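Student: curious how this folds, go ahead:
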Amino acid sequence: MLKHVWLISLALCCGAAGAHAQQRQITGRVKTAATGDPVVGAAVSVSGTAISTVTNGAGQFSLVAPPGDVTLVVRRIGYKHRSVPVPAAESAVEVALEQDVFNLEAVVVTGQATAIEKRNSPNAVATVSGEELHQVPVPSIETALQGRVAGANIQTNSGAPGGGVQVSFRGTTSIFGAADPLYVVDGVIVSDVAVPNNQQVVTLSNQGSNPSALQQSQVNRVADLNPYDIENVEILKGASASAIYGSKASNGVVIISTNRGEVGPARFSLTQRLGFSEIAKQLGSRTFADSAEAADTILGFGPTAAAYFRNNATNPNFGQPGFVPGQVFNQEQLLAGRKTLGGETEMSVSGGSEATRYYVSGLVHDEPGVVTNTGFKKQSLRLNLDQRISSRLDLSFSSNVLHTQAQRGVTNNDNAGVSYYMALEFTPSFVDLRERPDSSWGVNPYVQSNPLQTAALMVNEEDVWRNLSGVRGTFQLVNTDRHNLRLVGNAGLDWFGQKNTLLFPPQLQFEPLDGEPGTSLLTNATNLNTNWNVNLVHTFRPGSLTATTSAGSQEEDYDLDVARTMTRNLIPGQQNVNEGTDVSDAELPVP
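Tutor: Residues are numbered from 1 along each chain as shown. Below you'll find the model as predicted:
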C-alpha cells in the first residue's frame, strides 16, 4: 500500500512540474502613441485569467502567462485601453496607448462595488480629474469644483477665511431644509454636518421668520479635506445616486478618490506657495460737502450729524488728537485693509512594488484674512497603502489626520447691528470710529456697535481635529473567460472634534445695552460616522456584451453630540466660561 502512495505522489509532482514547464514569461513595454514616453502604472492583464501586473517607472512589465495564444489587456487612466494578441511563439510585446481626450473610457461608479466605462454608463455622471482641480490653488474641494460641473450651484456663505461653501445640484432646492449632497471619500461616507458656533446669542440671527440655529457662519466639514490629495471626483445625481446610497443621497453624491501609489521608485514632490489676499471691491460710503448737507433730513443723517463737522463740545470726538472737522474716514479700509503674507507647503512621496504601493502626503496651509483678527490654518497628513496579498486577494488602506484652526470674526445674518457690514451700512463716513490714544474707541451714534472695535477686541475661534480611515478588500472567487465572481468588503470611520470659543468683552459698545455686559460662549461637538458593506459582484461576458450583477449588505451609524455653554455679565478681563451651564442644541440636524 505504501508503494502505491509513493507512485501517486510522484505522478502528481511530475504533472505539476510539466504544467509549470508549459507556462511562459511575457515581457514588454507600454508607451504613449504620441511621444513614445513610457506609461507608468499601466495595468496589464491576461484576458480571462486573474494574472495581472503593472508597468514600472520605465513602462516595462513582466508576467507569467499560460501556454498557447493569449490576449493582453492594457489599461491606464487617461488613455484608451488596448487588447493585444500574443501568439504562443512570442514572448515580448510593445504596446502604444492613445490618449483618451474626451475621457470616454474613464471608469465611473455604478454601485457600492461596481463600476463601468463612462461611455457605457446609462446615467449622467460628472467626472472631474485631479489635474483639472489642481490648475490653480484652492482653499477647499468645493471651490475647486466651481465652473467644472454642469448643473451644480456652488457658492460661499461667508467671506471669512475657511468659510463655508454651499453645494447643491440642479433640481434640488430648499429655503429651510438642507440641500447638501452626500460625500464619500475612498468608500467612507463622511460627515458634512455644519455645527453652529452659537453666535446667535449676540447677533440674534435666528429671530424673525426663520428661527433655525443654522443662520450663522458655520462651516461644512468637507472643507477640512486637502484638495491636493484628490485624484478624481465623480458626481452622481438623481436616480443613479439614490439607487446606490438610498434616500440620504436624494440631493446627489460626491464620490472622491484620493491619490494612490504607483509601481516604481520613490517619487517626491514639494510645492511652496506664497501670496496675500486683499478686498476685491469696496462697497464705498457717501461723502458730504458740509455740515448742512449731512444734517439734511432727507439727504443726510439728521440734525445730530452736524455736530460731527464742528469742533465743539457737541462732538463726541471733541478734543481728541488728530480730529479734523468734516474729515472723511474710509471705515471699510480700516476694517478690511489687511494684506498679510500667507502661504502653504505641500509635499508628497509615492512609489512601491507590484505587491506594495504607498502614497504619503502632508500640507501646511496659512491664510490670513483681510479683516482684522481673522485667518485660517490647516494641517493635513495622509497615508494610503495598497497591498497584494496573493493573486486573488488585494487590500487597500487609507488614513487622513486633519487639524484646522479658524478666526472668522462676526459676519452673516444679524438682527442686532453687531455684524461688521451690518453696522457699516448705517455709519456715516464722517464718524471717527478709530481707537484713541487712551485705548478707548470712537462712539457710533447711529448703530449700537463700533465695527472697528468689535473686530479688534472680540474672539471667534474654531479648533477642529479630524480622522478619516478606511480599509477595502477584494477577493477573486472565480475568474474565467466568461465569469468573474469577487467578494468586495469596505469599512471606514469618520471622527471629528470641534471646539468654538467666542468672547465679547464688556467694553464693546453694544455689550452694556442688555444690562449684562460681556458675553462668553463655548461650543463642544464630537461626531462619529461608521459604515461598512460587503458585496458579491458577478460579471458575465457571453461575447462582446458584459452583464454585471451585485448583491450585498451595508450598515451606517451616525453619532453627533453638541454641548453649548453661555456666560454673561463678565468681570473685566474674564475670558473663561462656567462649564456648569450647558445648553443643548435640539435644532441641529443629523445627516
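Student: C-alpha only now, for contacts and for neighbours.
Tutor: OK.
Student: the closest residue to residue 207 other than its chain neighbours in helix, strand or coil?
Tutor: Residue nearest to residue 207 in three dimensions, not counting chain neighbours: residue 415, with 7.3 Å by Cα to Cα, 6 or more residues apart in numbering. In terms of secondary structure, residue 415 is coil; the call rests on DSSP: H, G, I helix; E, B strand; the rest coil.
Student: so what's the residue count around residue 415?
Tutor: Counted with other Cα atoms under 10 Å, residues neighbouring residue 415 total 15.
Student: correct me if wrong: it contacts residue 205.
Tutor: Yes - under the criterion of Cα atoms under 8 Å, residue 415 makes contact with residue 205 at 5.5 Å.
Student: for the residue nearest to residue 207, report the pLDDT, please.
Tutor: Residue 415 carries a pLDDT value of 83.
Student: OK, contacts around it?
Tutor: Applying Cα atoms under 8 Å, 6 or more residues apart in numbering to residue 415 gives the contacts 203-205, 207.
Student: again, but for residue 277
Tutor: Counting by Cα under 8 Å, 6+ apart, residue 277 touches 339-341, 368-370.
Student: export those residues to JSON lines and tack on pLDDT, secondary structure and distance to residue 477?
Tutor: Shown next, in JSON lines, are the contacts of residue 277 (pLDDT from 0 to 100; DSSP: H, G, I helix; E, B strand; the rest coil; distance: Cα to Cα, whole Å):
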{"residue": "339", "pLDDT": "88", "secondary structure": "coil", "distance to residue 477": "60"}
{"residue": "340", "pLDDT": "89", "secondary structure": "coil", "distance to residue 477": "59"}
{"residue": "341", "pLDDT": "91", "secondary structure": "strand", "distance to residue 477": "57"}
{"residue": "368", "pLDDT": "91", "secondary structure": "strand", "distance to residue 477": "54"}
{"residue": "369", "pLDDT": "88", "secondary structure": "coil", "distance to residue 477": "55"}
{"residue": "370", "pLDDT": "89", "secondary structure": "coil", "distance to residue 477": "58"}
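Student: list just the nearest of these to residue 565.
Tutor: Nearest to residue 565 among the contacts of residue 277 is residue 369, at 27.4 Å by Cα to Cα.
Student: low-confidence ranges, the stretch 251-400 of the chain, go.
Tutor: 289, 297-300, 307-326 (pLDDT under 70).
Student: what are the ranges of the helices in it?
Tutor: Ranges of helices in the stretch 251-400 of the chain, per DSSP state H, counting those that start in this stretch, are 291-295, 331-336.
Student: ok, the stretch 101-250 of the chain next?
Tutor: Shown for the stretch 101-250 of the chain, the helices assigned by DSSP H, counting those that start in this stretch span residues 130-133, 141-145, 200-203, 239-245.
Student: need those helices in CSV with mean pLDDT, can you?
Tutor: Below are the helices of the stretch 101-250 of the chain laid out as CSV (pLDDT from 0 to 100):
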stretch, mean pLDDT
helix 130-133, 74
helix 141-145, 74
helix 200-203, 84
helix 239-245, 69
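Student: which of these sits most buried?
Tutor: Stretch with highest mean neighbour count among these: helix 141-145 (a mean of 20; mean count of other Cα atoms under 10 Å).
Student: for it, packing partners?
Tutor: Identification of packing neighbours for helix 141-145 by 3 or more Cα pairs under 8 Å, 6 or more residues apart in numbering; DSSP states H and E yields strand 152-156, strand 165-169.
Student: one more pass at 7 Å, please.
Tutor: For helix 141-145, there is no helix or strand it packs on, judged by 3 or more Cα pairs under 7 Å, 6 or more residues apart in numbering; DSSP states H and E.
Student: can you pull the pLDDT of residue 105?
Tutor: 55.
Student: what does the one 3 residues further on give?
Tutor: According to the predicted model, the pLDDT of residue 108 comes to 54.
Student: and what of residue 137?
Tutor: The model's pLDDT for residue 137 equals 72.
Student: distance-wise, check it relative to residue 367.
Tutor: Here residue 137 is placed at a distance of 12 Å from residue 367 (Cα to Cα, to the nearest Å).
Student: settle it for me: which of those two has more neighbours?
Tutor: Using other Cα under 10 Å, the more surrounded residue of residue 137 and residue 367 is residue 367, with 23 against 13.
Student: what is that one paired to in the beta sheet?
Tutor: residue 376 (DSSP bridges).
Student: ok, now which ones touch it?
Tutor: 161, 342-343, 375-377 (Cα atoms under 7 Å, 6 or more residues apart in numbering).
Student: residue 551 too?
Tutor: So residue 551 contacts 535-537 (Cα under 7 Å, 6+ apart).
Student: change it to 6 Å
Tutor: When contacts are counted by Cα atoms under 6 Å, 6 or more residues apart in numbering, residue 551 touches 535-536.
Student: now residue 267
Tutor: 349-350.
Student: swap in residue 471?
Tutor: Residue 471 neighbours (Cα under 6 Å, 6+ apart): 396-397, 490-491.
Student: buried sites along the helix or strand containing it?
Tutor: Taking DSSP states H and E as the definition, residue 471 sits inside strand 459-479. Residues of strand 459-479 classed as buried: 459-476, 479 (neighbour count, 16 or more other Cα atoms under 10 Å).
Student: the next helix or strand after that strand to strand 459-479, inter-axis angle?
Tutor: Downstream of strand 459-479, the next assigned helix or strand under DSSP H and E is strand 483-504. Between the axes of strand 483-504 and strand 459-479, defined by axes from the mean of the first three to the mean of the last three Cα atoms, to 10 degrees, the angle is 170 degrees.
Student: helices or strands next to the next helix or strand after strand 483-504 in the packing?
Tutor: Using DSSP H and E, the helix or strand that follows strand 483-504 in sequence is strand 519-540. Other elements packing on strand 519-540 under the criterion 3 or more Cα pairs under 6 Å, 6 or more residues apart in numbering; DSSP states H and E are strand 483-504, strand 547-568.
Student: got the domain boundaries for the protein?
Tutor: For the chain, automatic domain parsing gives the domain ranges 21-97, 125-279+337-583, 291-327.
Student: make CSV out of the ones you listed and add distance to residue 285.
Tutor: What follows is the domains of the chain, written out as CSV (distance: least, Cα to Cα, whole Å):
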stretch, distance to residue 285
domain 21-97, 53
domain 125-279+337-583, 6
domain 291-327, 12
